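J.: sequence isn't available, so here's the structure alone:
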């Protein structure tokens, strides 16, 4: 079965025979159009007219598109209504508050934790110093723990020693618990 052959590049005097079955249809049509129109003055006219027609079509479509984007007085062409400026500024304000809160948590949080643990340890130290003071006075009056003129003073020193020892131990235990809870949260 013989396939018709196509000759191209007539302009340069070169001819090439190619089977029509290897060319896509668009290339066939384009080459046939060039072969038909080549060498005539009408090619320039046709290309000029085609360019003018294409540019006019482009202008008309651009005008239609710009008119369709203009908001209508009765109905809006936009699929959404833009938010009023008060809402935009309110949302920005809420964003600033959220950012400030996060910043405060990242900076103030560790500082507050460390200072609270340190506060508990310092108060525990001062309670320990008071307990040591009362214990030393109770030790001086140990001979009068059952009877004697200094019996009441001994009892007061002994009770104050026990109370301040309790405060010392509980303060250090609370500081240790806080530190352990912090390590469990972060670890």
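T.: Done, it's in. Only a predicted model underlies this, so the values are computations on that prediction, with no experimental measurement involved.
J.: any idea which element residue 115 lies in?
T.: Using DSSP states H and E, residue 115 sits within helix 85-140.
J.: what mean pLDDT does that helix get?
T.: Computed over helix 85-140, the mean pLDDT rounds to 89.
J.: which strands or helices does it pack on?
T.: If contacts are counted by 3 or more CB pairs under 8 Å, 6 or more residues apart in numbering; DSSP states H and E, helix 85-140 sits against helix 151-186. C-beta here means a position set from N, CA and C on the backbone, and glycine is covered the same way.
J.: in the helix it packs on, what counts as buried?
T.: Neighbour counts using 16 or more other CB atoms under 10 Å place 154, 157-158, 160-161, 164-165, 167-168, 171-172, 174-175, 179 of helix 151-186 among the buried residues.
J.: between these, which is closest to residue 90?
T.: Nearest to residue 90 among the buried residues of helix 151-186: residue 179, at 41.1 Å, using CB to CB.
J.: for the nearest residue to the closest one once chain neighbours are set aside, what are its contacts?
T.: Among residues not flanking residue 179 along the chain, residue 117 sits closest, at 5.6 Å (CB to CB, 6 or more residues apart in numbering). By CB atoms under 8 Å, 6 or more residues apart in numbering, residue 117 lies in contact with 175, 178-179.
J.: do the same with residue 138
T.: 154, 157-158, 161.
J.: if we can go back for a sec, tell me the angle the helix holding residue 115 makes with helix 151-186.
T.: Relative orientation of helix 85-140 with respect to helix 151-186: 140 degrees, computed using axes from the mean of the first three to the mean of the last three CA atoms, to 10 degrees.
J.: distance of the residue nearest to residue 179 from residue 170?
T.: 14 Å (CB to CB, to the nearest Å).
J.: repeat for residue 178
T.: Residue 178 is 13 Å from residue 170, by CB to CB.
J.: same question for residue 149.
T.: 34 Å.
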